[in-house]
Structure formats: structure tokens, C-alpha cells
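Undergrad: Sharing a model prediction with you, sequence too.
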Amino acid sequence: MARILQPSSLIALCFCAAAALAAEQWQPIDPTELARKTPKVDAAADAEAIFWDIRVEDRLDGGGLTLVLNNYVRIKIYTERGKEQYSTVEIPRFGQRRIRDIAGRTIKADGSTVDLKKDAIFERDLVKTKRAKVKGTTFVLPNVDVGDVIEYRYREVRDGEAADDMRLYFQRELPMWLATYHLKPLELPTLAGGLSS
């Protein structure tokens, strides 16, 4: 006889599946990254991005053009100042842009991890002056110490924008070991008569 799951069991099952999926999306950590004591790119750096990986995709959503950027950042913390500066993440949001699917974690020197909790993510004004206001999303990665590696992911959705006008940044204020862009072109539907573009 088939057994019917109670709603609470279904919710727990969905939560476990979502947690397992999120865990699979983190790239494995190289033990040499955890063991590293000094900066690789800039000897005076308080922190360095081990990588900044951005997947760029144009989409047609409901007849309109949408640009989607999936960001994945991993940072090594070398000093107290680096800890203070980079454990708090502020992602500015301009116009109709939206920030979605934020996940983050701290990787301790022994390889253990501390995940960012959803209730630690906030929407707030990042800059407010008489002439302008910049809203954004902010969060603090948990239990960060000097020597730890922090990483986070987020999706930025830009309605009415396309990748052909987008500036690609390979240098930022944070020294980077590696910056990678993956560009997925817009897939247009096949036109009448078998033509496509």
C-alpha cells in the first residue's frame, strides 16, 4: 500500500533537496588556498580574490530582453583590515535591476564551513544624499577570521538590458588571481520558413 507523505514531510524533503543542490554548487577548495599566509598578487594586499567568475546571459522573458549575470566570488583574507573590509558585502542596485539567489559561506583554516543564513541578508540604502539614493543588498559573512576564505554567489537580473553594451571588468580595487567571464549568446526562436539568427 502506498504511503502518503504529510505536508510537513514534503516541506522538509524540499528543504533538504534545496540544501543539497546549494552545496553542490560550491567549487572545491584547494588546501593550498587555505594554507596560504601571504598575498599572491599584491604584497601589501589585505585580501585577494582567488577568483571572480561571472556567467553572462541574454534572455527573452515575456517578449522583453533581460540580461542575467551570475557572480561567484572567492576571497582570501590576510589581515584584520581585510576581514573588516571584505566580510561585509554590499551589492548596489541601479534602476530596475534585481539581486537574487544569494548564498555565501566562510571556509575556516581547518576546512570546515559556516554558511550565510538567509535572515542575515538585507535590502537597504547604501548611499543617500540630497541628489541621489543608491539601494542595494548587504550581508555579513559569518565568523570570519584572518586566514579564512570567504565566498559568495548572487544573480543580478537587468530588465531591458543586453550584454552587447556591457563593460567587462578584469581589474577591481580588490587584487584578483583570476577573473573569468562566460558569455551565452541570445537564442532566438526559429523564424517562418526555417530561417534563424
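TA: It's in.

Undergrad: got the contact list for Val146?
TA: 77-80, 82-83 (Cβ atoms under 8 Å, 6 or more residues apart in numbering). No exception for glycine: its C-beta is placed from N, CA and C like everyone else's.

Undergrad: Per-residue confidence at the residue nearest to the spatial centre of the chain, what does it come out as?
TA: What sits nearest the mean C-alpha location of the chain, by Cα atoms, centre = their mean, is Arg153, with 2.0 Å. Note on Arg153: pLDDT of 97.

Undergrad: now swap in the one 4 residues further on and tell me
TA: Model confidence at Val157, expressed as pLDDT, equals 91.

Undergrad: what sits opposite it in the beta ladder?
TA: Val68, Arg98 (DSSP bridges).

Undergrad: Give the other helices and strands that the host helix or strand of the residue nearest to the centre of the chain contacts.
TA: According to DSSP states H and E, Arg153 maps onto strand 149-159. Strand 149-159 sits against strand 64-77, strand 88-93, strand 98-107, with contacts defined as 3 or more Cβ pairs under 8 Å, 6 or more residues apart in numbering; DSSP states H and E.

Undergrad: Report the contact partners of Ala103.
TA: Neighbour list for Ala103: 22, 25, 115-116, 152-154 [criterion: Cβ under 8 Å, 6+ apart].

Undergrad: any idea how far it lies from Lys117?
TA: Look at Ala103 and Lys117: by Cβ to Cβ, to the nearest Å, they are 10 Å apart.

Undergrad: just to revisit the earlier point, could I get the helices and strands packed on strand 149-159 as JSON lines with mean pLDDT and distance to Ala162?
TA: Supplementary listing: these in JSON lines, determined by pLDDT from 0 to 100; distance: least, Cβ to Cβ, whole Å:
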{"stretch": "strand 64-77", "mean pLDDT": "92", "distance to Ala162": "6"}
{"stretch": "strand 88-93", "mean pLDDT": "88", "distance to Ala162": "18"}
{"stretch": "strand 98-107", "mean pLDDT": "94", "distance to Ala162": "16"}
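
Undergrad: okay, those, which one's buried deepest?
TA: Highest mean neighbour count among the helices and strands packed on strand 149-159 (mean count of other Cβ atoms under 10 Å): strand 64-77, with a mean of 19.

Undergrad: chain center to it: distance?
TA: Counting by Cα atoms, centre = their mean, to the nearest Å, strand 64-77 is centred 5 Å from the centre of its parent chain.

Undergrad: following that strand, which helix or strand comes up?
TA: helix 80-86.

Undergrad: Flag every buried residue along that next one.
TA: 82-83, 86 (16 or more other Cβ atoms under 10 Å).

Undergrad: I appreciate the help and will end here.
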